[in-house]
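Student: no sequence for this one, just the structure:
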């Protein structure tokens, strides 16, 4: 049992070191030796958990899938808004999410992985369907199409924010995105109750769950 | 004179070969030897025009700046819509633009280049300002902020479209983007005259200007 706990812990240490190195250098320039040094484990320990650099990268990307699945406790249209803000703030601090997004974008793998996009689309689609049932979202909105638009736009807005401001302006850019999109998807009556800046203590809650920023 | 023409032609041949190789393999995996083979020129000829792999990549990125500058003959809000559709179609076929976007996204350089984003923001901002002067766009719209939103969203929508459909659905995704955003920025009276699918013969005109697709 103690041995198993130690193995779980080692796997996590290696994964976090890999996230740091992939996040800083990108897939191609990241070296297994950098990851070993960062993790402070032996080569044998690393290869016991991950067969290759590609397997490590896939595991970092899969962490993002877990985040999309368990991401939100919000509901309806405000839940969708809050989820994008929660992700924006996590991107400012969470080494694992940052690395995962970088790996997803680099498309250095021969077959780029659609799974992270599909996972986020599915979560947003569910929230928009709920919002439509509640009468917040206009009947002509097709939740899947709107979710595709939101996830695509979010992806690019965070890339541009990273390049222009190191992601410092990302929460503000997400607020502006919703200010532009809400009039096209929400009932005027519901619009007045939506906060494009996001609501609730999600920022604090998210910060507590995050590993220490590098 | 003939010698100068030959030099210009050689530079172009090398640049186009570099775009093909960067577009296929990304910056890190692209080799000067692949580019030489593709261009069919000597090492001396390549290094006469470009000092390094990084200089080649910068030159490919700069081609995108030229495209943003001279991109559109359209005007006002419909001009902005048409520009995004023109770029979407170019991305489906133009090897140089595709490579340039890939290099811009990979952020493998130590200081990622904000210039391509700023060039596109500046063109869209000009069209939106014009649209506001013509009474197409609502007075509360701040052209710079809306242009940032459009360029950021476009960047991500084309990435997601590439990964999910090899960019086959990109024109449709751009149409959906505008359908979501137009109600938030246009006067209701102007909205009826805007076509989110883009207008005019830009698709044909763009196709004529493009180098043969690989």
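Tutor: Here it is on my side, so go on. Only a predicted model underlies this, so the values are computations on that prediction, with no experimental measurement involved.
Student: helix, strand or coil: sort out residue A:33 for me.
Tutor: In three-state terms, and counting by DSSP: H, G, I helix; E, B strand; the rest coil, residue A:33 is helix.
Student: the longest helix belonging to chain A vs chain B: in contact?
Tutor: Ranked by residue count and defined by DSSP state H, the top helix of chain A is helix A:2-29. Yes. Helix A:2-29 lies within reach of chain B by C-beta under 8 Å from any C-beta of the partner chain, at A:26, A:28-29. For every residue, glycine as well, the C-beta is placed using N, CA and C.
Student: return the angle between stretch directions for that helix and helix B:2-29.
Tutor: Comparing the axes of helix A:2-29 and helix B:2-29 via axes from the mean of the first three to the mean of the last three C-alpha atoms, to 10 degrees yields an angle of 180 degrees.
Student: returning to that earlier point: what's the ChimeraX syntax to select whichever of the residues of helix A:2-29 next to chain B are buried?
Tutor: Command for ChimeraX that selects the buried part of the residues of helix A:2-29 next to chain B, burial taken from 16 or more other C-beta atoms under 10 Å in any protein chain shown:
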select /A:26,28
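Student: adding pLDDT, write the residues of helix A:2-29 next to chain B out as a markdown table.
Tutor: Formatted as a markdown table, the residues of helix A:2-29 next to chain B follow (pLDDT from 0 to 100):
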| residue | pLDDT |
| --- | --- |
| A:26 | 84 |
| A:28 | 83 |
| A:29 | 85 |
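Student: closest one to residue A:184 out of the residues of helix A:2-29 next to chain B, please.
Tutor: Lowest distance from residue A:184 to the residues of helix A:2-29 next to chain B (C-beta to C-beta) belongs to residue A:26, with 36.0 Å.
Student: doesn't residue A:106 make contact with that closest one?
Tutor: Yes. Proximity of residue A:26 to residue A:106 meets the contact threshold set by C-beta atoms under 8 Å, at 5.8 Å.
Student: residue boundaries of the helices in chain A?
Tutor: A:2-29, A:32-39, A:43-49, A:53-69, A:76-93, A:95-106, A:115-133, A:143-165, A:170-185, A:188-191, A:202-209.
Student: quick one: average confidence on the last one?
Tutor: Yep, that's helix A:202-209 we're talking about. Taken as a whole, helix A:202-209 has a mean pLDDT of 46.
Student: now stretch A:94-111
Tutor: Across stretch A:94-111, the per-residue pLDDT values average to 75.
Student: now stretch A:156-169
Tutor: The average pLDDT within stretch A:156-169 is 92.
Student: for it, buried residues please.
Tutor: For stretch A:156-169, by 16+ other C-beta under 10 Å, it's A:156-164, A:167.
Student: spit out the residues that contact residue A:26 and residue A:106 alike.
Tutor: Common neighbours of residue A:26 and residue A:106, using C-beta atoms under 8 Å, 6 or more residues apart in numbering or on different chains, are residue B:106.
Student: any residue of stretch A:89-100 touching chain B?
Tutor: No. Remark: stretch A:89-100 sits outside contact range of chain B, by C-beta under 8 Å from any C-beta, the gap being at least 11.7 Å.
Student: any idea how far apart the tips of that stretch sit?
Tutor: One end of stretch A:89-100 sits 15 Å from the other (C-alpha to C-alpha, to the nearest Å).
Student: same thing with stretch A:125-142?
Tutor: 9 Å.
Student: next one: that stretch, is it in contact with chain B?
Tutor: No. Stretch A:125-142 does not reach chain B (C-beta under 8 Å from any C-beta); its nearest approach is 8.8 Å.
Student: what about chain A, any weak spots by pLDDT?
Tutor: Applying pLDDT under 70 to chain A picks out residues A:1, A:68-73, A:107-113, A:200-214.
Student: one more time with 90
Tutor: A:1-8, A:23-29, A:58, A:61-75, A:90-94, A:97-119, A:159, A:162-163, A:166, A:200-214 (pLDDT under 90).
Student: for chain B, give me its nearest residue in it.
Tutor: residue A:156 (2.5 Å; C-beta to the nearest C-beta).
Student: so that residue touches residue B:161, yeah?
Tutor: No. Applying C-beta under 8 Å as the test, residue A:156 and residue B:161 come out as separate, 11.0 Å apart.
Student: report the contact partners of the residue of chain A closest to chain B.
Tutor: Here residue A:156 is in contact with B:151-159 (criterion: C-beta under 8 Å, 6+ apart).
Student: between these, which sits nearest residue A:20?
Tutor: Closest to residue A:20, out of all of those and judged by C-beta to C-beta, is residue B:159, at 23.7 Å.
Student: how close does that closest one sit to residue A:55?
Tutor: Separation of residue B:159 from residue A:55 (C-beta to C-beta, to the nearest Å) stands at 24 Å.
Student: re the thing from before, now the residues of helix A:2-29 next to chain B in TSV, with distance to residue B:97?
Tutor: Below are these laid out as TSV (distance: C-beta to C-beta, whole Å):
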residue	distance to residue B:97
A:26	22
A:28	22
A:29	25
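Student: that older thread, turn the helices of chain A into CSV, including distance to residue B:59.
Tutor: Listed next are those as CSV, based on distance: least, C-beta to C-beta, whole Å:
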stretch, distance to residue B:59
helix A:2-29, 21
helix A:32-39, 30
helix A:43-49, 39
helix A:53-69, 30
helix A:76-93, 31
helix A:95-106, 21
helix A:115-133, 31
helix A:143-165, 19
helix A:170-185, 30
helix A:188-191, 47
helix A:202-209, 42
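Student: which among those helices is found nearest to residue B:187?
Tutor: helix A:170-185 (12.4 Å).
Student: quick check: angle from the closest one to helix A:115-133?
Tutor: Going by the same axes, to 10 degrees, helix A:170-185 makes 50 degrees with helix A:115-133.
Student: in helix A:170-185, what counts as buried?
Tutor: So, applying 16+ other C-beta under 10 Å, buried residues of helix A:170-185: A:170-171, A:173-185.
Student: does that helix reach chain B?
Tutor: Yes. Using C-beta under 8 Å from any C-beta, helix A:170-185 reaches chain B at A:173, A:176-177, A:179-185.
Student: out of those residues, the closest to residue B:132 would be?
Tutor: residue A:180 (14.9 Å).
Student: chain neighbours aside, what residue packs nearest to that closest one?
Tutor: Leaving out its chain neighbours, the residue that sits closest to residue A:180 by C-beta to C-beta, 6 or more residues apart in numbering or on different chains is residue B:184, at 4.6 Å.
Student: list the contacts for that neighbour?
Tutor: A:179-184.
Student: got those as JSON lines, with distance to residue B:194 columns?
Tutor: Putting the contacts of residue B:184 into JSON lines (distance: C-beta to C-beta, whole Å) gives the following:
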{"residue": "A:179", "distance to residue B:194": "19"}
{"residue": "A:180", "distance to residue B:194": "15"}
{"residue": "A:181", "distance to residue B:194": "16"}
{"residue": "A:182", "distance to residue B:194": "19"}
{"residue": "A:183", "distance to residue B:194": "15"}
{"residue": "A:184", "distance to residue B:194": "13"}
